[in-house]
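K.L.:
Pasting the sequence and the predicted coordinates here, then a few questions.
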Amino acid sequence: MVPALTQPTRSYIDGTPTQRRLGFVAASIFSATYVIAPVYLLITGVTLVRAKRPLSRDVWLLTLPLIASALIPAKILPKFGRWLLQTKFMACVPYYFEYEEYHEITDQEVLKLHEEGKRVIGCMHPHGVFPFVSVCAVTSTLQAKDGFGDGILDLPTAVANVIRTMPILKDVVGVFGCIDASGSYLKSRLQRRKGSVVLYVGGMVELFYASPKKETVFLKQRKGFVKLALRTGADLVPVYLFGNTTSLEALKWPILAKISRKTGVSFTLFWGRWFLPLPKKVKLTYARGRPLGLPHIENPTDADVEKYHALYVQKLVELFDRYKKFNPDYADKQLAVE
């Protein structure tokens, strides 16, 4: 097994009380939007149906955020997000979570791969209600002198189509640069120069499997990403997000898991601090492994896919075991693969 890094690549454990308070407020905007957006849409829809004067001033004021969301061009959101996530306000988010990250391949090495015409799929595990570890990671790299810089725009995140189209929610999540998660689009993108992508392989269903004793990734039935990488010549980079499933609690009824898996959206009740949709103060840790070094096989056989899928699972479990000791909530946990 590859030895773990002994020191974090970046650390945010020494924040001031003010930085932590501001970080809590900034982080809460994201998780609160998951509740506010659908509730707002429901209220607006009911109001429009029942309004006796649908063109009245009050109705117009109620629908104004909806209209504004529809008019905001999707293409400007990642550039706006790059500016927003570099502000001093958003830079406080990692301090709230006492965030640390470990890079076995650095941001600069990833950028060098891009310059050489190579593409990678950043495979994130697990998903959780909201990926706060990823928020910290993006904020961190944009603040760092040796971070991705403008190169972050070449690393968009693939998300379910409903996330990209739901008013209000699409604008908040869109600041991270979101693209279509369909197989055809990802194949097209990965064949381009600098066509790398970030992918949450297990999807939202993973949040329903988390427990205090065990961490679970939904991976046994997820083999399409391996086949996609082999066919396009892209490489796989495993990333483990410690804390993604502990920053918010979720209702884990099996029927909700089934609906979430079908739709790609988290259909559940969730809560955190003060039983509100606000993140709990837990430690977050980001661990990025080395690329697997996959070959380019234009027409991989089932045996090829099985072989490299097994290799990926092995490397992910090893990555988890190497770095869990740096997060007290995970030190005694085991990683299960379902």
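P.N.:
Looks like it came in fine.

K.L.:
So which elements touch the helix or strand containing residue 68?
P.N.:
Using DSSP states H and E, residue 68 sits in helix 57-71. If you count contacts as 3 or more C-beta pairs under 8 Å, 6 or more residues apart in numbering; DSSP states H and E, helix 57-71 packs onto helix 17-50. For every residue, glycine as well, the C-beta is placed using N, CA and C.

K.L.:
quick revisit: contact partners of the helix or strand following the helix holding residue 68?
P.N.:
Downstream of helix 57-71, the first helix or strand assigned by DSSP H and E is helix 77-84. For helix 77-84, the external contacting residues (C-beta atoms under 8 Å, 6 or more residues apart in numbering) are 90, 142, 150, 152, 153, 156, 171, 174, 175, 176, 177.

K.L.:
Can you pick out the most distant pair from the residues you listed?
P.N.:
Farthest-apart pair in the contacts of helix 77-84 is 150 and 171; separation 21.6 Å (C-beta to C-beta).

K.L.:
Tell me which of the two has more neighbours.
P.N.:
Neighbours per residue, other C-beta atoms under 10 Å: of residue 150 and residue 171, the larger number sits with residue 171, 20 against 10.

K.L.:
Give me the buried subset of the contacts of helix 77-84.
P.N.:
90, 142, 152, 156, 171, 174, 175, 176, 177 (16 or more other C-beta atoms under 10 Å).

K.L.:
Spell out, range by range, the strands that occur in the stretch 201-338 of the chain.
P.N.:
Secondary structure of the stretch 201-338 of the chain (DSSP state E, counting those that start in this stretch): strands at 214-217, 235-242, 249-250, 270-271, 285-288, 334-337.

K.L.:
quick one on the thing from earlier: for the contacts of helix 77-84, give me JSON lines that also has pLDDT and distance to residue 335.
P.N.:
As requested, those are exported to JSON lines (pLDDT from 0 to 100; distance: C-beta to C-beta, whole Å):
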{"residue": "90", "pLDDT": "94", "distance to residue 335": "31"}
{"residue": "142", "pLDDT": "92", "distance to residue 335": "29"}
{"residue": "150", "pLDDT": "86", "distance to residue 335": "35"}
{"residue": "152", "pLDDT": "88", "distance to residue 335": "28"}
{"residue": "153", "pLDDT": "84", "distance to residue 335": "32"}
{"residue": "156", "pLDDT": "90", "distance to residue 335": "27"}
{"residue": "171", "pLDDT": "82", "distance to residue 335": "34"}
{"residue": "174", "pLDDT": "79", "distance to residue 335": "31"}
{"residue": "175", "pLDDT": "79", "distance to residue 335": "31"}
{"residue": "176", "pLDDT": "80", "distance to residue 335": "26"}
{"residue": "177", "pLDDT": "80", "distance to residue 335": "28"}
